[in-house]
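Enquirer: What follows is a protein structure lacking sequence information:
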C-alpha cells in the first residue's frame, strides 16, 4: 500500500459510512468527523493542553474546538498563515468569537518567526494514525514535513482512521491521540 492508497482508504470509509463532517467530501483534507468535539474535549482535559501557554495549531476544521478553547482560556495561539506557506501568525488576548473563520487570522494576528518561538503544544489534523503514535497527513500544507518544534504533537481521529499499525511508514509521530472514546499517549 502507498501513502496515497492509505489516504483514499480512510477518506472513502469516512464518506461511505457518513462519518465525515464539513468540509465534505473528506478527500484532500485532514477530515472533520462525527465525534470530533468529544475527542477534542478529551484532549482539552489533558495536562499538556491545560499547561500550555502557547499552542501551534493547524487550520483544519476538526481543530476548531481546540483553537477556540485555547483562546477562551487566554492561551496564545500560533497559526500557519492561510496564504503564505512557512509564515506564522500569533493570536493573543483575542475573543474566540472574533475568529469566525481561520482565514481572518491574517487580519487579527501578528506575523512571527517560528524559529526560537517557544511552543508548548502542537495540534495537527490527521488522515490516519496508529496505536504506536504513527501519523499520516493529507499530503500537503500544514504541518510541513520540515516543521521541527520541541513540543508534544497531538491529533484527533475517528476510530475508522486509527490502525493498530500503519501499513505504510508514518510521515511523523504524535505524542497524543484523542478519539471520541479514548486518549492514547505515546512517549
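Expert: Yep, that arrived. Just so we're clear, the structure is a prediction, and the values are computed from it rather than from any experiment.
Enquirer: Show the subsequent helix or strand relative to the lowest-mean-pLDDT helix or strand in the chain.
Expert: When the helices and strands of the chain are scored by mean pLDDT, DSSP states H and E, helix 105-108 comes last with a mean of 72. Remark: after helix 105-108, the chain's next helix or strand is strand 110-112, criterion DSSP states H and E.
Enquirer: partners of the following helix or strand past that next one, with directions?
Expert: On the C-terminal side of strand 110-112, the nearest following helix or strand under DSSP H and E is strand 121-124. Sheet pairing of strand 121-124 (DSSP bridges) gives strand 54-57 (parallel), strand 153-156 (parallel).
Enquirer: just checking, what packs against the very next helix or strand once past the last one?
Expert: Read that as strand 153-156. Sequence-wise, the next helix or strand downstream of strand 153-156 (DSSP H and E) is strand 162-163. On a contact count with 3 or more CB pairs under 8 Å, 6 or more residues apart in numbering; DSSP states H and E, strand 162-163 meets strand 128-130. C-beta: built from backbone N, CA, C; applies to glycine.
Enquirer: in its sheet, what does the helix or strand that the strand it packs on is followed by sit against?
Expert: As assigned by DSSP H and E, the chain's next helix or strand after strand 128-130 is strand 134-136. Paired strands of strand 134-136, with direction, are strand 128-130 (antiparallel), strand 172-173 (antiparallel) (DSSP bridges).
Enquirer: And the contacts of strand 134-136?
Expert: Contact with strand 134-136 is made by 3, 6-7, 124, 126-129, 153, 155, 165-166, 168-174, as judged by CB atoms under 8 Å, 6 or more residues apart in numbering.
Enquirer: Which of those are buried, as a ChimeraX select command?
Expert: A single ChimeraX command selects the buried members of these (16 or more other CB atoms under 10 Å):
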select :3,6,7,124,126,127,128,129,153,155,166,168,170,171,172,174
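Enquirer: packing partners for the least confident helix or strand of the chain?
Expert: strand 88-91.
Enquirer: if you skip the residues just before and after it, what's nearest to residue 65?
Expert: In this structure, residue 65 finds its nearest non-sequential neighbour in residue 40, 4.0 Å apart by CB to CB, 6 or more residues apart in numbering.
Enquirer: packing partners for the helix or strand where the one you found lies?
Expert: Element membership for residue 40, per DSSP H and E: helix 36-44. Applying 3+ CB pairs under 8 Å, 6+ apart, one finds that helix 36-44 makes contact with helix 64-72, strand 153-156, strand 176-178.
Enquirer: Thanks again, I'm all set now.
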